[in-house]
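> When you get a sec, could you give me coordinates for this:
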Amino acid sequence: MSSSTPAGKPAECALLRAFYNDTQGVQWTNSNGWNNPVDTQTTCCGWKGIRCDGEGNVVAVQLRGNNVGGLMPNHLAKLPKLATVDLYFNAIAGTIPSEFSTVSSLRYLDLSNNYFDGEIPSGIFVLPSVTHVDLYANFLTGSVPTTYATQYACDVYTSVSN
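So this is what the prediction gives:
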């Protein structure tokens, strides 16, 4: 761990490891660091696609085009300071966990070009910090309330039932 990389919080590193295990992590294109032991000496802040703040809180998970697959677990929604989730162009299926509607720090959510289905959790559009939601090229049903995009100056990109 370099002096510029904050130490990850063990509980948050454990959530990320559970995400890795549940999304076929051994098949990811790049999983640098994700196989390191999760203990008090671990910094998940240096793992591929993970960014932390100066206190070691995970603030971003950015795994674009990394062959992340399987069903989407709710582990990421349990990261208390998470601001960015970018899982564009992967092979994630199932429903979008409704728990994302409770991540008040979430600003940027890109789940486009995956295999999500089911209803879009409407709560993600009323989160206090959200500015960008991209759900394009999935198999989602429902609609995006246009008033939310206008009221919160939120960029919303979706293609429902495609």
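
> Show the contacting residues for residue 118.
Residue 118 is in contact with 94, 95, 96, 140, 141, counting by CB atoms under 8 Å, 6 or more residues apart in numbering. C-betas here are computed from N, CA, C, even on glycine.

> repeat that with 6 Å
Each residue near residue 118 by CB atoms under 6 Å, 6 or more residues apart in numbering is listed here: residue 95.

> can you give me the mean pLDDT across the strand or helix carrying it?
Residue 118 is located in strand 115-119, with elements delineated by DSSP states H and E. Averaging pLDDT along strand 115-119 yields 95.

> Then stretch 137-156?
For stretch 137-156, mean pLDDT is 68.

> Do you have the strands of the chain handy? List them.
50-52, 58-62, 69-71, 84-86, 91-94, 108-110, 115-119, 132-134, 139-141, 155-157 (DSSP state E).

> Buried residues, the strand holding residue 118. List them.
residue 116 (16 or more other CB atoms under 10 Å).

> Parallel or antiparallel, list what pairs with that strand.
Strand 115-119 has its sheet partners listed here by DSSP bridges as strand 91-94 (parallel), strand 139-141 (parallel).

> got the buried residues for the shortest one?
Taking 16+ other CB under 10 Å as the basis for neighbour counts, the residues of strand 139-141 that come out buried are residue 140.

> cool, and the longest one?
For strand 91-94, the neighbour count (16+ other CB under 10 Å) marks residue 92 as buried.

> got the CA positions of it in PDB?
Written as PDB, here are the backbone C-alpha positions of strand 91-94 (Å, rounded to 0.1, in the frame of the first residue of the first chain):
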ATOM      1  CA  ALA A  91     -23.100  -9.100 -18.100                       C
ATOM      2  CA  ILE A  92     -25.100  -8.400 -15.000                       C
ATOM      3  CA  ALA A  93     -28.600  -9.700 -14.900                       C
ATOM      4  CA  GLY A  94     -31.600  -9.700 -12.600                       C
END
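
> picking that back up, between the strands of the chain, which one is closest to residue 31.
Residue 31 sits nearest to strand 50-52 of all those, at 11.2 Å, using CB to CB.
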